[in-house]
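Peer 1: sequence first, predicted model second:
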Amino acid sequence: MAASGKIASFRLPPLPTVGELIKLYSLRAEKQLSQNFLLDLRLTDKLVRQAGNLNNAHVCEVGPGPGGLTRSILNAGATDLLVVEKDSRFIPGLKLLSEAAPGRLRIVHGDILTYRMDRGFPGSICQPWEEDPPNLHIIGNLPFSVSTPLIISWLENIANRTGPFAYGRTQLTLTFQKEVAQRLTASTKSKQRSRLSIMAQYLCTVHHCFTIPGKAFVPKPKVDVGVVHFTPLVQPHIQQPFKLVEKIVRNIFQFRRKHCHRGIGMLFPEARRDAFTEELMCKADVEPTMRPIELTIPHIKALADVYAEMCAREPLLLGYDFREELRLKHLDKQRATLKAVPRGTAPSPE
């Protein structure tokens, strides 16, 4: 009885439904912002349960919109919920929720891509990295347009233990377009294996919780949505700077249908490409004819470790970008073409 009474004390007082708030404030999802509202509180409750026990927890919700997920987080027992909302249209409805949960809901009108979350919560909740995660969770029904850049930014924060991860191994429970969720959790040799798979899995335990059908959202997106849970690892599988690992993985997967030596070769200037590629793959003991999707995280670790040694020996390698080399070649070709055209004539439209 006492336990059920405690749970009941977390419930919000009677409020207009999320649908009624949308009508009250004339809200509609903006297509250019890739907004989709999740109004079914049974689904928002299910999503929130994937985060674990939120009793007395600190939570940051990303893009609360009309507040459906916000209600489920408050009802789950969070005592300090910070919501970061960029769209000013949703602020009045969120203030209504804040009044219904005195002292438990803080509203930041701002952009999560630039918000300093490391300043958003008290230092007392910090946990040493080697210990259990802090009682802090990031939860969000992310707009598709920001989900990938945002998770890449947070993965870099995890690698550097900055931002939300200055408090320790903060856990994340987030929605993604189903295809992106599959990439984040894809295993070696699967068709969905990608750059995102490697970058997420070398730093975190990543779990695809469940799929929400597109018809559950308003307006209905053309795709289903996956809920993914992340727990940062105590020790990342690759002990190299994030940017170095990302550069290797990005180059490998840009030629995902080719043998992996094709993308690895793009790490090096053309004049020494063959020799450096052979050295890297030989020392890392990676078979050049493997496909990118066949590479395991230990393979990527071996490549990153050898590449780091090569960059220490040849400092200019780390800053080399073959795209910039291609751009300069294209400019040189254009200049040569212009010089070859006699004065008073125009170059061919071709």
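Peer 2: Noted; the coordinates are in hand.

Peer 1: for the residue most central in space within the chain, what are its contacts?
Peer 2: Taking C-alpha atoms, centre = their mean, the centroid of the chain lies closest to Ile151, which sits 1.1 Å from it. Contact analysis of Ile151 by C-beta atoms under 8 Å, 6 or more residues apart in numbering lists 174, 176, 184, 196, 200. (Each C-beta comes from the backbone N, C-alpha and C, glycine too.)

Peer 1: what about it, is that helix, strand or coil?
Peer 2: helix (DSSP: H, G, I helix; E, B strand; the rest coil).

Peer 1: use 21 as the first number from now on
Peer 2: That works, and once the first residue is 21, the last one we named lands at Ile171.

Peer 1: roughly how far apart are it and Leu58?
Peer 2: Distance from Ile171 to Leu58, counting by C-beta to C-beta, to the nearest Å: 19 Å.

Peer 1: got it, and Asp100?
Peer 2: From Asp100 to Leu58 the distance is 23 Å (C-beta to C-beta).

Peer 1: so how many other residues sit close to the nearest residue to Arg213 once chain neighbours are set aside?
Peer 2: Excluding its sequence neighbours, the residue lying closest to Arg213 (C-beta to C-beta, 6 or more residues apart in numbering) is Ile313, at 3.9 Å. The number of residues packed around Ile313, counting by other C-beta atoms under 10 Å, is 20.

Peer 1: if we can go back for a sec, strands - which of the contacts of Ile171 land there?
Peer 2: 194, 196 (DSSP state E).

Peer 1: now, the most widely separated pair of the contacts of Ile171?
Peer 2: Leu194 and Leu216 (12.7 Å; C-beta to C-beta).

Peer 1: how does this protein divide into domains?
Peer 2: 22-252, 262-347 (automatic domain parsing).

Peer 1: redo the ones you listed as JSON lines? Include mean pLDDT.
Peer 2: What follows is those, written out as JSON lines (pLDDT from 0 to 100):
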{"stretch": "domain 22-252", "mean pLDDT": "88"}
{"stretch": "domain 262-347", "mean pLDDT": "95"}
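
Peer 1: winner for burial among these?
Peer 2: Burial of those is given as mean neighbour count (mean count of other C-beta atoms under 10 Å); domain 22-252 ranks first at a mean of 18.

Peer 1: please enumerate the strands of the stretch 171-320 of the chain.
Peer 2: For the stretch 171-320 of the chain, strands defined by DSSP state E, counting those that start in this stretch occupy the ranges 191-197, 224-232, 237-238, 245-252.

Peer 1: so can I have TSV of these showing distance to Arg124?
Peer 2: Output for those, formatted as TSV (distance: least, C-beta to C-beta, whole Å):
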stretch	distance to Arg124
strand 191-197	19
strand 224-232	25
strand 237-238	26
strand 245-252	23
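
Peer 1: partner residues bridging the nearest residue to Asn56 once chain neighbours are set aside?
Peer 2: Distances taken as C-beta to C-beta, 6+ apart put Phe237 closest to Asn56, at 4.0 Å, once the chain neighbours are dropped. In this structure, Phe237 bridges to Leu58 when assessed by DSSP bridges.

Peer 1: pretty sure Phe237 sits against Phe57.
Peer 2: Yes: under the criterion of C-beta atoms under 8 Å, Phe237 makes contact with Phe57 at 6.3 Å.

Peer 1: which residue ranges form the helices in the stretch 221-370 of the chain?
Peer 2: For the stretch 221-370 of the chain, the helices defined by DSSP state H, counting those that start in this stretch cover 262-273, 280-285, 293-304, 317-333, 342-360.

Peer 1: okay then, goodbye and thanks.
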